[in-house]
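1. Sequence unavailable; structure follows:
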């Protein structure tokens, strides 16, 4: 039987926890790492689901992109560290990163800084008032994450090599915006295939709709894992 690739993270971007449970059941042994995002957080069942997944031997990525004053982020990270989850995202700004690192102290929770959302382009950044390109802003935020003692970053496949070079061999580089050649692009602006992302330096990839919207999510997850093995 094919084993799940632990570098593959499947997002549970579903309206309800019941939908998420059905998706996990459909994927079965083809995946072992799941992302619980804001949609499930807003339902009130996100942490309950996270505990269930951990109890089933899965890894859990809390993609909640914390962004608040330092004291609030520190307390939130401390609570989430106690839940036994594996990854937590915060926005890659110095105060936020440093607070999250303090909050998770003594736990195995990995703090990841969100650099630039993969749906954003240089034109989008200009509209937001940034004079930097996406690549320049990502580099600055990678450096913030390293300086704060964070464990890694979220960056598009196109910035994975930069993150790996700056962060070193043990730095976590989690890349959303991964789309196999056989899948639709959807709303991602800076994408790559699973194998290309790993070759560029990603430690983990997040692959959603090619798996979660497939008629057979189990088979689709195995297909993605097979592409990852090529790298």
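-> Yep, that arrived. What you see is a predicted model; the values in this text were computed from it and never measured.
2. List the contacts of residue 216.
-> By CB atoms under 8 Å, 6 or more residues apart in numbering, the contact list for residue 216 reads residue 26. Heads up, the C-betas are built off the backbone N, CA and C, glycines and all.
3. what packs against the helix or strand containing residue 73?
-> For residue 73, the enclosing helix or strand under DSSP states H and E is helix 70-81. For helix 70-81, the packing partners by 3 or more CB pairs under 8 Å, 6 or more residues apart in numbering; DSSP states H and E come out as strand 59-66, strand 87-91, helix 94-103.
4. In JSON lines: the ones you listed, plus distance to residue 12.
-> Below are those laid out as JSON lines (distance: least, CB to CB, whole Å):
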{"stretch": "strand 59-66", "distance to residue 12": "10"}
{"stretch": "strand 87-91", "distance to residue 12": "14"}
{"stretch": "helix 94-103", "distance to residue 12": "22"}
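5. Quick check: which of those is buried the most?
-> Across the helices and strands packed on helix 70-81, averaging neighbours per residue (mean count of other CB atoms under 10 Å) puts strand 87-91 on top, at a mean of 24.
6. In which helix or strand does the spatially most central residue of the chain reside?
-> Note on the chain: the residue nearest the mean C-alpha position is residue 174, at 5.4 Å, using CA atoms, centre = their mean. Take DSSP H and E as the rule and residue 174 turns out to sit in strand 172-175.
7. Minimum distance to residue 154: which of the helices and strands packed on helix 70-81 has it?
-> When the helices and strands packed on helix 70-81 are ranked by proximity to residue 154, the top entry is strand 87-91, at 6.0 Å, counting by CB to CB.
8. Show me what that closest one is packed against.
-> Of the remaining helices and strands, those touching strand 87-91 by 3+ CB pairs under 8 Å, 6+ apart are strand 59-66, helix 70-81, helix 94-103, strand 110-114.
9. All good on my end, thank you.
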